[in-house]
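Asks: any chance you can model this:
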Amino acid sequence: MAGNPKITFIGAGSTVFMKNIIGDVLQRPALTGAKIALMDINSQRLEESAIVARKLASTLGASAAVETFTDQRQALDGADFVVVAFQIGGYEPCTVTDFEVPKKYGLRQTIADTLGVGGIMRGLRTVPHLWKICEDMLAVCPEAIMLQYVNPMAINTWAIAEKYPTIKQVGLCHSVQGTAMELAKDLDIPYNEIRYRSAGINHMAFYLKFEHRQPDGSYRDLYPDLVRGYREGRAPKPGWNPRCPNKVRYEMLTRLGYFVTESSEHFAEYTPYFIKEGREDLIEKFGIPLDEYPKRCIEQIARWKNQAEQYRSADKIEVAQSKEYASSIINSVWTGEPSVIYGNVRNNGCITSLPYDCAAEVPCLVDASGIQPTFIGDLPPQLTALIRTNINVQELTVQALMTENREHIYHAAMMDPHTAAELDLDQIWSLVDELLAAHSTWLPEWTRSDRKVQAA
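Replies: Below you'll find the model as predicted:
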């Protein structure tokens, strides 16, 4: 395309994340003159982010123009790409609430941002704000592409597609490429020699192929090596977080025959097998990091504050290319140079063994025609069955949002694999009541009405 793209960041007060994406974008020759619109409701953090963005552009010798907005529609006006990254309710009070209230019922969690009662509540808080962005996009930039980095990714993507089907959107996560890098390290194989194909839903996609390129150009299946390494105690190798030894995913590999793309700490709470009352042996055996996300939030807040301060005081900001997909998408759409990314989109038959309208995570070709999901077909039946247990929760949460039917919130919690394995029906209903009351400030009005129990 001619000229320079306008890229709007909603939630630009997340200085470090914004810095990574803008750093990626401005290292692309065709994007160095991009118009960057930063929007956040916190004017102080917004201005601090703008200082960082301008220093970054100066360091890279880019001619990008940076503007700030506290009005969302003004920031979106004329945008070509919309990057969304925010957390409604923040770590305090909402994340703390999502852990502490369930714990009173004996329901322990690790991350609680994607599935389970924590993921349900986060979806109820988040989707209305994403819908408001969609409304504003339709008014002032209807052809823009939304690049959505917000959890719960699958619920968000599904809900946007359901209510605003004309919005061009993709949910982006780094779990596919990030896990592939981890496995390459476990196998002592250079990442650039690995070939893989993954499909499923966000945080529960599986590598259908995971292979190593040989000197003669052929490819060798690496799954036998991964299983053997785990059984012989050579894998997984220590990772970036000593609290998270990554044993859950390797154990599930031996049971399912395929490796899941999201971390063991996440996966432990998407299934009923690992966090169980009275089974501390399982917690110890698989290194389940209970209450991991609150610990991580505290550490990240401190680290981000320190990093942001360093960026603000530095004359120059050096930046390496990150593993996020945003700049690849923007560059491919703007220039026509093709790329392949893993994106969360409406399934539309890409994975034929999953519901047509669910949010699927599949390989996508990106070029001047936009984001084009690729066809997968049926997943292996054991993967389809496990994924469906998570889709049940996502679907009912989206139905609650679409119909404003509070009863479906209880139904979603009732269907959650981990919650159902730990709590009885009365406990689940009481837990949802208490969470809805605790989050009332952050939730839409219809969630605060008196619950009417339907007759059996």
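
Asks: run through who's touching the one helix or strand Asn306 maps to.
Replies: Element membership for Asn306 (DSSP states H and E) is helix 292-313. Outside of helix 292-313, the residues within contact range by C-beta atoms under 8 Å, 6 or more residues apart in numbering are 14-16, 19, 48, 51-52, 55, 91, 95-96, 99, 109-113, 241, 243-244, 265, 289, 317. Every residue, glycine included, has its C-beta placed from N, CA and C.

Asks: whichever of those residues end up buried, select them in PyMOL.
Replies: Burial among the contacts of helix 292-313 is assessed by 16 or more other C-beta atoms under 10 Å; the matching PyMOL selection reads:
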select buried, resi 14+15+16+19+48+51+52+55+95+99+109+110+111+112+113+244+265+289+317
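
Asks: now the helix holding Asn306, how far from the centre of its chain.
Replies: How far helix 292-313 lies from its chain's middle: 19 Å, per C-alpha atoms, centre = their mean, to the nearest Å.

Asks: buried sites along it?
Replies: Quick answer for helix 292-313 (16+ other C-beta under 10 Å): 292-294, 296-297, 308, 311.

Asks: chain neighbours aside, what residue packs nearest to His174?
Replies: Lys323 (5.3 Å; C-beta to C-beta, 6 or more residues apart in numbering).

Asks: actually, Asn392.
Replies: Closest to Asn392 by C-beta to C-beta, 6+ apart is Met415, at 4.3 Å.

Asks: quick one: contacts for the one you found?
Replies: By C-beta under 8 Å, 6+ apart, the residues touching Met415 are 389, 392-393, 396.

Asks: who wins for most neighbours among those?
Replies: Val393 (30 neighbours; other C-beta atoms under 10 Å).

Asks: can you tell me how far Leu124 is from His408?
Replies: Using C-beta to C-beta, to the nearest Å, Leu124 is found at 11 Å from His408.

Asks: by mean pLDDT, which helix or strand of this structure comes out lowest?
Replies: Lowest mean confidence among the helices and strands of the chain (mean pLDDT, DSSP states H and E): helix 292-313, at a mean of 88.

Asks: show me how far the following helix or strand past that helix is from its chain's centre.
Replies: Per DSSP H and E, the first helix or strand lying C-terminal to helix 292-313 is helix 326-335. Averaging C-alpha positions (C-alpha atoms, centre = their mean) puts helix 326-335 20 Å from its chain's average.

Asks: tell me the average confidence for helix 326-335?
Replies: Mean pLDDT, computed over helix 326-335, is 98.

Asks: ok, Glu361 touching Arg346?
Replies: No - using C-beta atoms under 8 Å as the test, Glu361 is too far from Arg346 to be in contact (11.5 Å).

Asks: so which of Leu124 and His408 has more stuff around it?
Replies: Between Leu124 and His408, counting by other C-beta under 10 Å, Leu124 is the more crowded of the two (25 against 20).

Asks: what residues of whichever helix in the chain runs longest count as buried?
Replies: Determined from DSSP state H, the single longest helix within the chain is helix 116-140. Judged by neighbour count using 16+ other C-beta under 10 Å, the buried positions of helix 116-140 are 116-127, 129-131, 133-134, 136-137, 140.

Asks: for this protein, which spans come out with low pLDDT?
Replies: For the chain, the stretches flagged by pLDDT under 70 are 449-456.

Asks: show me where the stretch 151-300 of the chain has strands.
Replies: 168-171, 194-201, 204-213, 219-221 (DSSP state E, counting those that start in this stretch).

Asks: tilt between the longest one and strand 194-201?
Replies: Meaning strand 204-213. 170 degrees (axes from the mean of the first three to the mean of the last three C-alpha atoms, to 10 degrees).

Asks: run through who's touching strand 204-213.
Replies: Looking at what lies outside strand 204-213 - C-beta under 8 Å, 6+ apart - the contacts are 175-176, 180, 183, 187, 189, 193-200, 219-223, 226, 256, 258-262, 267, 270, 342, 361, 376, 379-380, 383, 386-387, 390.

Asks: same thing with the last one?
Replies: Taking contacts as C-beta under 8 Å, 6+ apart, the residues outside strand 219-221 that touch it are 195, 209-214.

Asks: tell me the most packed of these, by neighbour count.
Replies: Going by other C-beta under 10 Å, Phe210 tops these with 24 neighbours.

Asks: ok, now how distant is that one from Leu253?
Replies: 10 Å.

Asks: between the two, what contacts are shared?
Replies: With C-beta under 8 Å, 6+ apart as the test, Phe210 and Leu253 both reach 223, 226, 259.

Asks: for Pro337, the count of nearby residues, please.
Replies: One thing to correct before we go on: residue 337 is Glu, not Pro. Glu337: 14 neighbours (other C-beta under 10 Å).

Asks: would you confirm that it contacts Asn331?
Replies: Yes - using C-beta under 8 Å, Glu337 is in contact with Asn331, at 6.3 Å.

Asks: circling back: which of the strands of the stretch 151-300 of the chain sits closest to Leu401?
Replies: Among these, strand 168-171 comes nearest to Leu401, with 16.0 Å by C-beta to C-beta.

Asks: got the contact list for that closest one?
Replies: Contacts of strand 168-171 (C-beta under 8 Å, 6+ apart): 143-150, 153-154, 156-157, 160-161, 202, 329, 341, 343-345, 359, 361, 364, 370-371.

Asks: stretch 37-46 now?
Replies: With C-beta under 8 Å, 6+ apart, stretch 37-46 has contacts from 6-13, 15, 18, 49-50, 53, 66-72, 75-76, 79.
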